[in-house]
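J.: Could you look at this predicted model? Sequence included:
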Amino acid sequence: MSFDVDNIFDKAASGSSLVKNRQALTIDYVPEKLPFRDEEAKTLAQVLSTVFKGARPSNLLLFGKPGTGKTAVAKNVVDRLQKKSNELKIDVTVIFINAKTAGSAYKVLYEVAEELGINKEQGKQVHFTGLSMGEATDRILQYIQKKKLHFILVVDEIDSLVDKSGDDILYNFTRANQRMGKGGFVTLIGISNSLTFKDKLDPRVRSSLSEEEVVFNPYTVNQLRQILQERSKLAFSDSAISDAAINLCAAMAGREHGDARKAIDLLRVAAELAEREGAPKVDENHVRAGQDRIEKDAPFVVVKNAPAHHKLVIIAVIKSKSGITGDVYDTYLALCKRAEQKQLTQRRVTQIISELELLGLVSTDIVNQGRYGRSQKIKITIPPTTISEALKEDSLASLID
DNA sequence: ACTCCACAGGAATAACCGGGCG
DNA sequence: CGCCCGGTTATTCCTGTGGAGT
């Protein structure tokens, strides 16, 4: 074992790594040029350019499947807008927020307040918690009005915001402009993965939020390949990656729908594997191994960090012979007894199962057994070895046999 | 054709937590 | 301090349902 470790250290220290710019392979990296997204960027820029005339740009909605470059285009354009506004000495305040990583609707408001610097001022601050949503929104809008800010708010993954807490906030923000009169204004840019997102909105919000729309289509395999090639030039040392490897990456990621993020992720993991084994260049085998690794890694982490009862349910699903809800619930009850845990209701357990399904750990089929009722058949979708691995250091590990 | 099982899964509501407010 | 606020988890109660058995 120890020679492996030494080997890793030596490789890292020698500086002859395959990757010269690791940053370029991360999700956060926003490239200067975004191939195949000129049209979208242009539309976005055109809409936003109104701000240089001192008027309020229309609200925007950006749609598209994951990994189609929505976030990258938005960040890219918005960055340039900010730079330009600094040059021209026109005040524009841009804030970029990811609603999903923020967590809750309130935290979105809190982050906005934080970024705006409201909390550094005297008086009406927006604290970490304690205020009502309405009050927090009001304080932010008042601040914008008072300072006559030209405010552009980009909300990434805006659908998760609406799913969790409805469209009240959006309503307040979109309506704010009428209330504010001269001086300040707010432009909202929403980014959404879901094409049906608009249907969930209140009609009033819908019409004002999507004054303009930009739809991002998935990349084709060919386009993915070119994107990867360009990114590789930035990230890898000369000839540290074979064309075949890049092609395979593009093909694998393109198989579902052209998800550039997945493709780049795959490239990064493949590179890490190649480096670790001290290979002279990244080849197709590393890509394939990377794919395996990605498929296996995500559930491992999820299982490991899952709450106790979720783990119990997972174990119950594995142990129960039939996988039928009633059966799973019974084995779950038995497990709770052995682990001296409180027994949750069946309702809650079915809820947990559907959460596990969303996480991709189990799959369910509804089966009809006529006279003998109608229930779900639950199956584990990841290898049980991964689970016992993930629960190794857990106090519940003893329950798996 | 009708029944009726064994649940699914929605809605309302409660219990609890962390944290600011007055 | 008691209270309110929002968030999350869990319970209670409920209506809906496809098809094997009759």
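T.: Yes, it's here.
J.: So residue A:154, which state does it fall into?
T.: strand (DSSP: H, G, I helix; E, B strand; the rest coil).
J.: What count of nearby residues applies to it?
T.: Using other CB atoms under 10 Å, the number of residues around residue A:154 comes to 22. Every residue, glycine included, has its C-beta placed from N, CA and C.
J.: Can you work out which other helices and strands pack against the strand or helix carrying residue A:40?
T.: Assessed by DSSP states H and E, residue A:40 sits inside helix A:38-48. Helix A:38-48 is packed against strand A:60-64, helix A:70-88, strand A:212-216, with contacts defined by 3 or more CB pairs under 8 Å, 6 or more residues apart in numbering; DSSP states H and E.
J.: Just put the ones you listed in a markdown table and tack on distance to DNA strand C.
T.: Putting the helices and strands packed on helix A:38-48 into a markdown table (distance: least, CB to the nearest atom of the strand, whole Å) gives the following:
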| stretch | distance to DNA strand C |
| --- | --- |
| strand A:60-64 | 22 |
| helix A:70-88 | 22 |
| strand A:212-216 | 27 |
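J.: Which stretch among those is buried most, on average?
T.: strand A:60-64 (a mean of 22; mean count of other CB atoms under 10 Å).
J.: So which residues of the stretch 101-250 of chain A form helices?
T.: All helices of the stretch 101-250 of chain A, identified by DSSP state H, counting those that start in this stretch, fall at A:105-116, A:133-147, A:158-165, A:168-180, A:203-209, A:221-235, A:243-256.
J.: coming back round to it: report the buried residues of the helix holding residue A:40.
T.: For helix A:38-48, the neighbour count (16 or more other CB atoms under 10 Å) marks A:40-41, A:43-45, A:47-48 as buried.
J.: burial of the residue of chain A found nearest DNA strand C, as a residue count?
T.: With CB to the nearest atom of the strand as the measure, residue A:370 is the residue of chain A nearest to DNA strand C, at 1.7 Å. Number of residues near residue A:370 (other CB under 10 Å) recorded here: 6.
J.: Please name the residues that touch it.
T.: Residues in contact with residue A:370 (CB atoms under 8 Å, 6 or more residues apart in numbering): none are found.
J.: and what of the one 5 residues further on?
T.: Residues in contact with residue A:375 (CB under 8 Å, 6+ apart) are A:324-326, A:366-367, A:369.
J.: at 10 Å what do you get?
T.: By CB atoms under 10 Å, 6 or more residues apart in numbering, residue A:375 lies in contact with A:322-328, A:350, A:364-369.
J.: Tell me the one among those residues nearest to residue A:31.
T.: Taking CB to CB as the measure, residue A:31 sits nearest to residue A:364 out of the contacts of residue A:375, at 40.1 Å.
J.: Which element, helix or strand, includes the closest one?
T.: Assigning secondary structure by DSSP H and E places residue A:364 in strand A:362-368.
J.: can you give me phi and psi for the closest residue to residue A:369 other than its chain neighbours?
T.: Excluding its sequence neighbours, the residue lying closest to residue A:369 (CB to CB, 6 or more residues apart in numbering) is residue A:375, at 7.5 Å. Its backbone dihedrals place residue A:375 at phi -150, psi -170, with angles given as degrees, to the nearest 10.
J.: just to revisit the earlier point, DNA strand B: which of the helices and strands packed on helix A:38-48 is closest?
T.: When these are compared by CB to the nearest atom of the strand, strand A:60-64 sits nearest DNA strand B, at 24.3 Å.
J.: hang on, the earlier thing: quick one, the helix holding residue A:40 and strand A:212-216 angle?
T.: For helix A:38-48 against strand A:212-216, the angle by axes from the mean of the first three to the mean of the last three CA atoms, to 10 degrees is 160 degrees.
J.: contacts for helix A:38-48?
T.: Residues from elsewhere that reach helix A:38-48 (CB under 10 Å, 6+ apart): A:33-34, A:37, A:57-60, A:62, A:64, A:68-70, A:72-74, A:76-78, A:80-81, A:84, A:92, A:94, A:152, A:187, A:189, A:211-217.
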